[in-house]
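A.B. asks: Could you look at this predicted model? Sequence included:
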Protein chains: 2
Amino acid sequence: MSAIVPVPLYQAKAEFFRTLGHPARIRVLELLSERDHAVHELLDAIEIEQSNLSQQLAVLRRAGLVVQRREAGAVVYAISVAEVRDLLLAARAILAAVLAGQEQLRSELGGGAS
Amino acid sequence: MSAIVPVPLYQAKAEFFRTLGHPARIRVLELLSERDHAVHELLDAIEIEQSNLSQQLAVLRRAGLVVQRREAGAVVYAISVAEVRDLLLAARAILAAVLAGQEQLRSELGGGAS
DNA sequence: TCGTAACTTGAAGAAGTGTTCAAGTGCTAA
DNA sequence: TTAGCACTTGAACACTTCTTCAAGTTACGA
């Protein structure tokens, strides 16, 4: 019976995309969509301070995209929503299309500088 | 031969997602993925000031997601990358999964308040 | 039980975004 | 050629998000 404030759907979507709007968080999701990782493994892969990584993991946790568990003295993270991988793939496709479009535009403009 | 600075891919992805991280921009993309719209049509649908809408459209244009054309005295916008629709659908699926997960968690915790 | 490795948290200043206002541009039509 | 509609732009201030530092927690091992 909790009184959930009905956040408009398009606002929920915007918040969700903002959650993905950080390089470290993207990398975490990409790594986790391969397999579960302990925090220190992520740390080895990501070039960021531990406390900063922890902050970013907290953002992903609050958004409900990842879950945490403790295992043999380490904290292990996992993707909680399998569809995340599809989203990352869709994003990759768009990005490729956009970048290709920009490249084409650039050459149509005569190969000039930026 | 333009000297393009090689932005790391995961940073480009993050920027891309941030572009989507605004309710008005999401609505614009949803409307445009149905059909092309003139600015004043978007304005009728979105409850936002004209200059603010214009700012948001500029963000989408800079990101290369929409294109502008002039038609009979009006400015008409269109999606430039067809895959945007797939992305919005993928996002909807994740959002549904995440919200369902939260709802389940809430009930497991005993139906308490937030 | 003490030390240490592995994380998380809170807080504060820096950096980045969003909203709004005023002014400007580009058509079209009288 | 001038009026007016449709839209864009620049700039300023408010607001949010990031990064970093210092302090705190948890669990294992000596």
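C.D. replies: That came through, no problem. Numbering: from 1, shown residues only, chains lettered A, B, ... in the order given.
A.B. asks: ok, and the residue nearest in space to the middle of chain A, which helix or strand is that part of?
C.D. replies: The residue lying closest to the centre of chain A (Cα atoms, centre = their mean) is A:I26, at 3.0 Å. Using DSSP states H and E, A:I26 maps to helix A:23-34.
A.B. asks: who touches stretch A:58-73?
C.D. replies: The contact list for stretch A:58-73 (Cβ atoms under 8 Å, 6 or more residues apart in numbering or on different chains) reads A:15-16, A:19, A:22, A:25, A:28-29, A:32, A:38, A:57, A:75-81, A:84, B:94, B:98, B:101-102. Glycine gets a C-beta too; all of them are placed from N, C-alpha and C.
A.B. asks: okay, how far is it across that stretch, tip to tip?
C.D. replies: End-to-end distance for stretch A:58-73: 19 Å, by Cα to Cα, to the nearest Å.
A.B. asks: which secondary structure elements does the helix ranked longest in chain A contact?
C.D. replies: Counting residues, the longest helix found in chain A (DSSP state H) is helix A:84-108. Counting contacts by 3 or more Cβ pairs under 8 Å, 6 or more residues apart in numbering or on different chains; DSSP states H and E, helix A:84-108 packs against helix A:23-34, helix B:9-19, helix B:84-108.
A.B. asks: DNA strand C: which of the ones you listed is closest?
C.D. replies: Between DNA strand C and the helices and strands packed on helix A:84-108, the shortest gap by Cβ to the nearest atom of the strand is with helix B:9-19, which sits at 5.7 Å.
A.B. asks: what about that closest one, near DNA strand D?
C.D. replies: No. Between helix B:9-19 and DNA strand D, judged by Cβ under 7 Å from any atom of the strand, nothing touches; the nearest distance is 7.6 Å.
A.B. asks: Remind me what that helix packs against, helices and strands.
C.D. replies: When contacts are defined as 3+ Cβ pairs under 8 Å, 6+ apart, helix B:9-19 sits against helix A:9-19, helix A:23-34, helix A:84-108.
A.B. asks: Show me what the last one is in contact with.
C.D. replies: Outside of helix A:84-108, the residues within contact range by Cβ under 8 Å, 6+ apart are A:20, A:26, A:29-30, A:33, A:65, A:79, A:112, B:2, B:9, B:12-13, B:16-17, B:63-65, B:80-84, B:86-87, B:90-91, B:93-94.
A.B. asks: Now that we have the residues you listed, which of them are buried?
C.D. replies: A:20, A:26, A:29-30, A:33, A:65, A:79, B:12-13, B:16-17, B:63-65, B:80-81, B:83-84, B:86-87, B:90-91, B:94 (16 or more other Cβ atoms under 10 Å in any protein chain shown).
A.B. asks: Thanks again, I'm all set now.
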